[in-house]
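**Q** Provided below are the primary sequence and the corresponding predicted coordinates.
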Amino acid sequence: KGTGLDVVRTLEEGQVWAADVPSDGDSVWIPSYADVLWDRNASLRLNRVIVQGTLMVNNSDMRLAASVIELRGGKLIIASLDSEGNVVGDYNHTCVITLSPGHRRNPREDGGYPLSSTGLKVLPATLGVFGELTVRGREVSHSWVRMAEPAHPGNRSVVVSAE
């Protein structure tokens, strides 16, 4: 047990997890004393991710699907980082986070995870930020796009214009 970046591990080092590198369907807990660096191109479909320490995404493409991601006093940092974990620039890779209730292992669960003694529940398909979320991406020329077709309630996708 340590503090700070002396316990940084990469995703490939299984000892940072309670078991091996997470597999599809696993739940992951990053304890408060651990800083985990996601630094390789990877896609994972996890059940529940609880971050009480720090999860840093740097210099790699990330595709993460999960039922619930909770930052419980922890940090999720998606940016260009230096060797000490400080944000030094824009994240110039692809990061896709998909939240879906379909990744849960037990479909009979009541639809929520309790948040300690608060009485609150984190529902499936939720990113619960009870900590720090830092996302630093590259600048874009504009932050809007024209719709090519109308979007209607219940649609699962939208069509945008190339103009």
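**A** Structure's in. What do you need? Numbers count the residues shown, from 1 in each chain.
**Q** Mind jotting down where the strands sit in the protein?
**A** Residue ranges of the strands in the chain, as given by DSSP state E, are 9-10, 28-30, 35-38, 42-45, 48-51, 54-57, 62-66, 68-78, 80-81, 87-89, 95-99, 113-114, 121-122, 126-135.
**Q** okay, the fifth one in PDB with CA atoms only?
**A** Extracted in PDB, the C-alpha atoms of strand 48-51 (Å, rounded to 0.1, in the frame of the first residue of the first chain):
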ATOM      1  CA  ARG A  48     -19.300  -2.000 -12.700                       C
ATOM      2  CA  VAL A  49     -16.300   0.300 -12.300                       C
ATOM      3  CA  ILE A  50     -15.700   2.000  -9.000                       C
ATOM      4  CA  VAL A  51     -12.900   4.500  -8.800                       C
END
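**Q** Summarise which helices and strands that strand is packed against.
**A** With contacts taken as 3 or more C-beta pairs under 8 Å, 6 or more residues apart in numbering; DSSP states H and E, strand 48-51 sits against strand 28-30, strand 62-66, strand 68-78. Bear in mind the C-beta positions are built from the backbone N, C-alpha and C, glycine included.
**Q** 7 Å instead, please
**A** Applying 3 or more C-beta pairs under 7 Å, 6 or more residues apart in numbering; DSSP states H and E, one finds that strand 48-51 contacts strand 28-30, strand 68-78.
**Q** One more: the third one?
**A** If contacts are counted by 3+ C-beta pairs under 7 Å, 6+ apart, strand 35-38 sits against strand 9-10, strand 54-57.
**Q** quick one: average pLDDT of that strand?
**A** Averaged across strand 35-38, the pLDDT comes to 86.
**Q** ok, it: who's next to it in the sheet?
**A** With DSSP bridges as the test, strand 35-38 is paired with strand 9-10 (parallel), strand 54-57 (parallel).
**Q** I'd like to know which of those has the weakest mean confidence.
**A** strand 9-10 (a mean of 42).
**Q** circling back: any chance of the helices and strands packed on strand 48-51 in TSV, with distance to residue 37 too?
**A** Shown next, in TSV, are the helices and strands packed on strand 48-51 (distance: least, C-beta to C-beta, whole Å):
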stretch	distance to residue 37
strand 28-30	11
strand 68-78	10
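**Q** now for these, which one comes closest to residue 128?
**A** strand 68-78 (4.4 Å; C-beta to C-beta).
**Q** Hey, what's the angle from the closest one to strand 62-66? Just curious.
**A** Per axes from the mean of the first three to the mean of the last three C-alpha atoms, to 10 degrees, the angle that strand 68-78 makes with strand 62-66 is 160 degrees.
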